[in-house]
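**Student:** my questions are about this predicted structure, shown below with the sequence.
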Amino acid sequence: DSRVLLEIGRRVISLACLQLAAWDAELGERAPKRMFLNVSVAELAHPGLDEHVRQSLAAAGIAPERLVLEITETGVLEDTHVVGSAVEGLLSLGCELAIDDFGTGYSSLSRLVQLPARILKIDRSFVRGLAADHESVAVVSAVLLLAHNLRKSVVAEGVEDPQALDALRELGCAYAQGFHLALPQPAAELTPKFAAVVPHEAPEETYVV
């Protein structure tokens with residue numbers, strides 16, 4: 001039922017904001033700086049998403065820029081008025097926008113320049129065989145160069161082995177996610193790991209995806 005999925009999506013947004021607030025209270029400067037959340041095209045097309053996000057942020061006392069909403073490349077390039085208005089509404093709140101599964105859509109370069117997002121997440125299909133696939137290396141290199149020129153950040157998805165991570169480092173990719181780095185974990189298990197980080201040794205940006 002699409003209504004159930006929409007309700008789950010709204011609930012996830014509310015809980016994410018409350019979890020960031022809880023980490024702030026417990027961990028102080030060791031708390032994650034941002035939270036990444038997936039938002040489906042169906043959620044974008046449903047009225048009131050931006051208002052729900054605004055209320056969730058306000059209830060938790062979280063600054064909008066700490067919430068990064070991930071939308072697939074295909075979704076963010078939808079030309080429908082409803083989806084476009086929803087994206088504009090979220091950006092007007094001050095939230096960040098990330099393009100998920102980047103590289104799997106069929107957008108032109110002119111459209112890429114107009115993408116209303118500062119973060120591109122390279123699809124795992126290009127990362128999986130990065131250490132041995134010259135074509136994947138060429139694609140990732142091109143995305144990194146494009147992102148740099150457009151002043152966007154890049155996150156590589158699907159890093160599942162040390163070889164892929166080493167290859168990304170050599171290419172100059174600053175951010176990555178995948179099972180090699182960390183498995184999905186409940187917030188209760190992440191809290192002591194954040195608490196153990198020495199503040200001056202912590203990365204400049206700590207994200208929870």
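**Tutor:** In hand now; what should we look at?

**Student:** show me the shaky parts of this structure.
**Tutor:** Across the chain, the ranges flagged by pLDDT under 70 are 1, 76-80, 105-115, 198-209.

**Student:** if we use 50, what do you get?
**Tutor:** 202-204, 206 (pLDDT under 50).

**Student:** can you name every helix or strand that the longest helix anywhere in it contacts?
**Tutor:** Using DSSP state H to define each element, the chain has its longest helix at helix 2-27. With contacts defined as 3 or more CB pairs under 8 Å, 6 or more residues apart in numbering; DSSP states H and E, the packing partners of helix 2-27 are strand 34-38, helix 41-45, helix 49-60, strand 67-72, helix 187-195. The way it works is simple: take the backbone N, C-alpha and C, and place the C-beta from them, glycine included.

**Student:** for T72, see how far away A132 is.
**Tutor:** 27 Å (CB to CB, to the nearest Å).

**Student:** to clarify, my last question referred to L190.
**Tutor:** Taking CB to CB, one finds L190 at 25 Å from T72.

**Student:** neighbour count winner among the two?
**Tutor:** T72 (20 against 15; other CB atoms under 10 Å).

**Student:** dig out what that one forms beta bridges with.
**Tutor:** Beta bridges link T72 to D100, judged by DSSP bridges.

**Student:** pretty sure it contacts I99?
**Tutor:** Yes - counting by CB atoms under 8 Å, T72 does reach I99; the two are 7.5 Å apart.

**Student:** what residues of the longest helix of the chain count as buried?
**Tutor:** L6, G9, R10, I13, S14, A16, C17, Q19, L20, A21, W23, D24 (16 or more other CB atoms under 10 Å).

**Student:** so who does the fifth one touch?
**Tutor:** Going back to what we said before, that points to S14. Shown in contact with S14 (CB atoms under 8 Å, 6 or more residues apart in numbering): H52, S56, A59.

**Student:** what's the closest of the residues you listed to P186?
**Tutor:** S56 (20.0 Å; CB to CB).

**Student:** can you list contacts of stretch 181-193?
**Tutor:** Here stretch 181-193 has contacts from Q19, A22, W23, E26, L27, V159, L165, V208, using CB under 8 Å, 6+ apart.

**Student:** could I have it exported to CSV, CA atoms only?
**Tutor:** Taking only C-alpha atoms (Å, rounded to 0.1, in the frame of the first residue of the first chain), the coordinates of stretch 181-193 have been written out as CSV:
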residue,chain,number,x,y,z
LEU,A,181,33.7,0.4,5.9
ALA,A,182,30.7,-0.4,8.1
LEU,A,183,27.6,-2.6,8.1
PRO,A,184,24.2,-1.2,8.8
GLN,A,185,23.8,-0.8,12.6
PRO,A,186,21.2,0.4,15.1
ALA,A,187,21.7,3.8,16.6
ALA,A,188,22.4,2.2,20.0
GLU,A,189,25.4,0.4,18.6
LEU,A,190,26.8,3.4,16.9
THR,A,191,26.6,5.7,19.9
PRO,A,192,29.6,4.1,21.8
LYS,A,193,31.6,4.2,18.6
